[in-house]
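[1] This is the structure alone, sequence omitted:
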């Protein structure tokens with residue numbers, strides 16, 4: 001679970017295939033920590049005050065205010081993440097596992113992006129269709145860069 005200050009990191013963790021929630025409702029720290037413990041999740045935050053909560057022990061990682069690449073390096077090293085093994089298996093918006101899209105989903109893909117040899121993915125929750133366009137290629141390159149830097 002990423003606090004609301006880590007929105008970009010949250011998206012990239014989802015892009016890497018990690019089950020990642022984002023807090024954005026102003027919930028109290030104690031509630032978020034309780035939810036993480038109940039759900040078996042870690043809590044990524046930039047809030048130094050988290051240290052005051054006993055419930056944060058063992059589940060929270062306090063990150064510095066730093067560029068995305070540095071944050072990814074810290075999280076990747078701490079949790080020994082593989083940035084590519086499950087890449088692009090989750091919806092970037094709602095975290096749902098993606099499924100293979102059927103032919104009808106092709107109508108949602110721009111004509112210049114339609115390639116018969118490239119798979120389409122569909123989020124069964126929100127209906128968003130994913131294809132391997134420029135956004136995918138930029139994110140994939142970033143994940144590959146982090147993977148290489150981590151030596152995995």
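    Now that the structure is in, tell me what you want to look at. Model, not experiment: these values are computed from the prediction.
[2] any residues touching the biggest helix by length in the chain, and which ones?
    Ranked by number of residues, the top helix in the chain under DSSP state H is helix 134-150. Residues from elsewhere that reach helix 134-150 (C-beta atoms under 8 Å, 6 or more residues apart in numbering): 12, 15-16, 69, 72-73, 76-77, 81-84, 87-88, 130. Quick note: C-beta positions are derived from backbone N, CA and C, even for glycine.
[3] In strands, which of those residues appear?
    Where these overlap with strands, as defined by DSSP state E, the overlap consists of residue 130.
[4] Just give me the closest of the contacts of helix 134-150 to residue 41.
    When those are compared for distance to residue 41 (C-beta to C-beta), residue 81 wins out at 14.4 Å.
[5] Give me the neighbour count for residue 115.
    Burial measure for residue 115: 12 neighbouring residues, criterion other C-beta atoms under 10 Å.
[6] right, I mislabeled it, should have said residue 76
    For residue 76, using other C-beta under 10 Å, the count is 19.
[7] excluding its backbone neighbours, what's nearest it?
    Take residue 76 and drop its neighbours on the chain: the residue closest to it by C-beta to C-beta, 6 or more residues apart in numbering is residue 150, 5.0 Å away.
[8] Could you give the number of residues near that neighbour?
    Residue crowding around residue 150 was assessed by other C-beta under 10 Å; the count is 15.
[9] Residue 106 now?
    The number of residues packed around residue 106, counting by other C-beta under 10 Å, is 15.
[10] Phi first, then psi, for the closest residue to residue 133 other than its chain neighbours.
    Using C-beta to C-beta, 6+ apart and skipping residues adjacent in sequence, the residue nearest residue 133 is residue 113, 4.9 Å away. Backbone torsions of residue 113, given as degrees, to the nearest 10, read phi -100, psi 0.
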